[in-house]
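1. Could you work out the structure for the sequence below:
(one chain, ligands or ions: 1)
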Amino acid sequence: MKKIIAIEGMSCGHCAGRVTDALGKIDNVDNVNVNLVEKTATVELSQDVNDIQLKEAVQDVGYVVTEIQSI
Ligand SMILES: [Cu+2]
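-> Numbers count the residues shown, from 1 in each chain. Predicted coordinates:
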């Protein structure tokens, strides 16, 4: 499954790298793709990961999650 995480506050490749690393460390997150223009991170999951866990990982590195959508 995939989830699209809407994130406020990312402005450059450094931000994208921080978010990618933070999400990539979570168990069952197989792949992370940050889109700076759309202000999203798309995560591919081998098993469901709780939205709260995704949100906290992003917020711990300094960005704000506004929405998480399962696709
Ligand atoms: Cu930045």
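2. C-alpha from now on. contacts and neighbour counts both.
-> Will do.
3. And stretch 64-71, what's buried?
-> Neighbour counts over stretch 64-71 (16 or more other CA atoms under 10 Å) mark Val64, Val65, Ile68 as buried.
4. how near is the first one to the ion?
-> Translated: Val64. Val64 sits 13 Å away from the ion, going by CA to the ion, to the nearest Å.
5. Could you give the backbone dihedrals for that residue?
-> phi -110, psi 130 (degrees, to the nearest 10).
6. I'd say it and Glu56 touch.
-> No. Taking contacts as CA atoms under 8 Å, Val64 lies outside contact range of Glu56: 9.2 Å.
7. so for stretch 59-66, what's the average pLDDT?
-> Mean per-residue pLDDT for stretch 59-66: 98.
8. Need the contact partners of that stretch.
-> Ile5, Ala6, Ile7, Glu8, Gly9, Met10, Arg18, Val19, Ala22, Lys55, Val58 (CA atoms under 8 Å, 6 or more residues apart in numbering).
9. mind exporting it as CSV, just the C-alpha atoms?
-> Presented in CSV, the C-alpha positions along stretch 59-66 are these (Å, rounded to 0.1, in the frame of the first residue of the first chain):
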residue,chain,number,x,y,z
GLN,A,59,7.4,16.5,13.0
ASP,A,60,10.4,15.3,15.0
VAL,A,61,12.7,16.6,12.2
GLY,A,62,10.9,20.0,12.1
TYR,A,63,8.1,19.8,9.5
VAL,A,64,4.3,19.9,9.8
VAL,A,65,2.0,17.2,8.5
THR,A,66,-1.3,18.5,7.3
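10. Thank you kindly, that will do.
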